[in-house]
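**Student:** Just need the structure, nothing else, for what follows:
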Amino acid sequence: MNATPHRLDPTGGCPHAANARLLAQGAVSPVVLPGEIEGMAVLGHEALREFLTHPEVAKSAQHFSALAEGRIPAGWPLRTFATVRGMTTADDADHRRLRSLVGKAFTVRRVEALRPRIETLTAGLLDRLADAARSADGVADLRRHFALPLPLSVICDLLGVDEGHQERLHHLSNQVVATDIGPEEALAANRELLELLTAVAADRARHPGDDLTSALIAARDEGGDRLSPPELIGTMVLLIIAGHETTLNLVTNAVRALCAHRDQLAHVMAGRAAWSDVVEETLRWDSPVSYFPFRYPTRDLTVDGTLIPKGTPVLAGYSAAGRDTKAHGPDADRYDVTRVPAAKHLSLGHGAHYCLGAPLARMEATIALEALFTRFPTLDLAVPESDLTRHASFVGNSVRTLPVRLTP
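**Tutor:** Sure, this is the predicted structure:
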């Protein structure tokens with residue numbers, strides 16, 4: 001058991017050294033969240049798997065003791081994660097109702113139907129990446145020109161959001177995910193994001209189309225109580241953020257990993273591993289989400305020998321669980337695309353709240369990586385890995401920019 005609380009760094013940084021230290025002490029650790037809020041993090045693979053499916057663990061903020069006691073200010077950087085109305089903060093019947101409404105857009109058949117669109121979009125973005133490199137001595141920011149616009153365009157297409165809103169939506173999503181943001185900035189970002197998506201929903205109500213927002217509005221209007229206005233906007237917030245930030249980090253982290261492990265890239269190029277193996281190993285080895293907020297025990301709960309008091313905000317430590325040697329072997333910190341079983345990780349969740357968009361994220365990343373390295377097989381980082389600036393968040397796990405050189 002970790003007796004001394006781990007103070008999470010609001011400015012983010014690489015999580016793996018701290019994760020290894022904490023895991024050596026136990027699978028569950030007390031943590032200090034911004035604002036001196038006491039919480040817990042479940043870090044070990046098996047402990048996290050158990051916790052994510054425990055019947056006496058809830059997602060609704062009504063179980064968050066510090067919030068109920070008035071100790072969470074309006075501008076707290078993680079407040080949106082706790083209070084937004086949607087699938088990730090709903091339990092039982094409410095969760096099933098919301099998930100069933102959204103899930104129709106993410107069936108295997110509907111996701112597979114998106115493949116041609118994703119392949120076309122990927123090809124066009126590779127042209128843009130090449131153009132950006134040509135105008136800057138062969139170097140371009142892969143994150144900005146390729147890894148970001150691909151998933152952002154796809155999720156905005158699904159939701160019926162005009163292209164003109166995309167850049168602003170990404171900026172506001174970044175503000176919501178950031179953990180080093182001040183109260184006034186947090187409030188302003190949340191307010192603007194809600195206003196923007198409310199305007200999008202109003203436009204879709206006036207001019208419905210073949211998109212998910214229109215379908216959700218129709219379900220609300222036809223069913224009466226099936227989807228409240230706050231739930232509609234909250235669902236849009238969650239889909240915009242989760243629908244592009246995770247895949248953005250996944251593609252970015254995979255490119256970083258392959259550039260740092262050319263032997264692993266050689267395995268894939270030679271057919272000894274598949275691009276889907278790259279995606280799964282990246283999800284395990286460098287999860288796009290490090291600590292995901294929140295779950296709350298509905299009674300005092302003991303997990304792997306550690307007591308988690310009722311109402312404690314608990315983080316799911318996905319980046320730690322991915323390198324847990326008890327689950328992945330003594331070489332868990334080694335990047336290996338031939339690892340078996342390749343998909344044994346929890347980085348997309350587990351149980352009832354398993355990521356609804358997982359098939360789409362996997363497809364987007366697989367298509368993107370194969371197309372990228374097929375066209376630019378000698379692509380490499382343009383700066384040392386140590387010079388890359390990390391995300392200002394302990395929720396998202398990646399870097400802010402990824403300068404790459406497309407040719408030797």
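**Student:** what sits against the residue nearest the centre of the chain?
**Tutor:** Nearest residue to the geometric centre of the chain (CA atoms, centre = their mean): residue 246, 3.3 Å. Contact analysis of residue 246 by CB atoms under 8 Å, 6 or more residues apart in numbering lists 151, 288-289, 355, 357, 361. No exception for glycine: its C-beta is placed from N, CA and C like everyone else's.
**Student:** Could you list the buried residues of the helix or strand hosting it?
**Tutor:** Element membership of residue 246 [criterion: DSSP states H and E] is helix 229-260. Within helix 229-260, the residues that count as buried by 16 or more other CB atoms under 10 Å are 231-259.
**Student:** likewise stretch 378-393?
**Tutor:** In terms of neighbour count (16+ other CB under 10 Å), stretch 378-393 has its buried residues at 379, 381-382, 388, 391-393.
**Student:** Next: stretch 92-107.
**Tutor:** So, applying 16+ other CB under 10 Å, buried residues of stretch 92-107: 94-95, 97-99, 101-102, 105-106.
**Student:** related to what we said a few turns ago, ok, the residue nearest to the centre of the chain to residue 33 distance?
**Tutor:** Here residue 246 is placed at a distance of 21 Å from residue 33 (CB to CB, to the nearest Å).
**Student:** Could you do residue 197 as well?
**Tutor:** For residue 197, the distance to residue 33 (CB to CB) stands at 26 Å.
**Student:** got it, and residue 234?
**Tutor:** 22 Å.
**Student:** do the same with residue 296
**Tutor:** Separation of residue 296 from residue 33 (CB to CB): 13 Å.
**Student:** Touching both of the two, which residues are there?
**Tutor:** Contact criterion CB under 8 Å, 6+ apart; residues shared by residue 296 and residue 33: residue 313.
**Student:** In contact with the spatially closest residue to residue 14 that is not a sequence neighbour, which residues?
**Tutor:** Of all residues not flanking residue 14 in the chain, residue 390 sits nearest, at 6.1 Å (CB to CB, 6 or more residues apart in numbering). Residue 390 is in contact with 12-14, 398-400, counting by CB under 8 Å, 6+ apart.
**Student:** beta partners of residue 390?
**Tutor:** Taking DSSP bridges as the rule, residue 390 bridges to residue 399.
**Student:** Which residues outside stretch 21-34 are in contact with it?
**Tutor:** 1-8, 10, 38-44, 46-48, 76-78, 179, 303-306, 308, 313, 315, 320, 323-325.
**Student:** my read: residue 180 touches residue 13, true?
**Tutor:** No: assessed by CB atoms under 8 Å, residue 180 is found out of contact with residue 13, at 10.4 Å.
**Student:** Would you map the helices across the stretch 201-350 of the chain?
**Tutor:** Along the stretch 201-350 of the chain, counting by DSSP state H, counting those that start in this stretch, helices occupy 212-223, 229-260, 262-269, 275-285, 318-321, 325-328.
**Student:** hmm, which helix or strand of this protein has the shakiest average pLDDT?
**Tutor:** Within the chain, no helix or strand scores below helix 212-223, which has a mean of 79 by mean pLDDT, DSSP states H and E.
**Student:** Could you list which residues are in contact with the residue lying closest to residue 83 once chain neighbours are set aside?
**Tutor:** Distances taken as CB to CB, 6+ apart place residue 61 nearest to residue 83, at 5.3 Å, with adjacent residues excluded. If you count contacts by CB under 8 Å, 6+ apart, residue 61 has them with 67, 82-83, 89, 294, 296.
**Student:** at 7 Å what do you get?
**Tutor:** Residue 61 is in contact with 67, 82-83, 89, counting by CB atoms under 7 Å, 6 or more residues apart in numbering.
**Student:** which one of those has the most neighbours?
**Tutor:** Neighbour tally across these (other CB atoms under 10 Å): the maximum, 23 neighbours, falls on residue 89.
**Student:** low-scoring stretches of the chain, by residue?
**Tutor:** By pLDDT under 70, the low-scoring segments of the chain are 1-3, 220-225, 342-343, 408.
**Student:** Who are the contact partners of the residue nearest to residue 205 when sequence neighbours are not counted?
**Tutor:** If the residues on either side of it in the chain are set aside, residue 205 comes closest to residue 217, at 5.3 Å by CB to CB, 6+ apart. Contact analysis of residue 217 by CB under 7 Å, 6+ apart lists 201, 204-205, 208, 232.
**Student:** ok so, going back, the residue nearest to the centre of the chain and residue 116, how far apart?
**Tutor:** For residue 246, the distance to residue 116 (CB to CB) stands at 22 Å.
**Student:** Repeat that for residue 281.
**Tutor:** 27 Å.
**Student:** Repeat that for residue 195.
**Tutor:** Distance, residue 195 to residue 116, by CB to CB: 34 Å.
**Student:** quick one: which of those two has more around it?
**Tutor:** Per other CB under 10 Å, whichever of residue 195 and residue 116 has more neighbours is residue 195, with 12 against 9.
**Student:** and the angle from the helix or strand harbouring that one to helix 229-260?
**Tutor:** Element membership of residue 195, judged by DSSP H and E, is helix 183-206. With axes from the mean of the first three to the mean of the last three CA atoms, to 10 degrees applied, the angle from helix 183-206 to helix 229-260 works out at 110 degrees.
**Student:** Packing partners of helix 183-206?
**Tutor:** Counting contacts by 3 or more CB pairs under 7 Å, 6 or more residues apart in numbering; DSSP states H and E, helix 183-206 packs against helix 166-177, helix 212-223, helix 229-260.
**Student:** What are the buried residues along it?
**Tutor:** For helix 183-206, burial by neighbour count (16+ other CB under 10 Å) applies to 186-187, 189-190, 193-194, 196-197, 200-201, 203-204.
**Student:** repeat for stretch 293-306
**Tutor:** Under the neighbour-count criterion of 16+ other CB under 10 Å, stretch 293-306 has 293-298, 301, 303-304, 306 buried.
**Student:** Sweet, I'm off.
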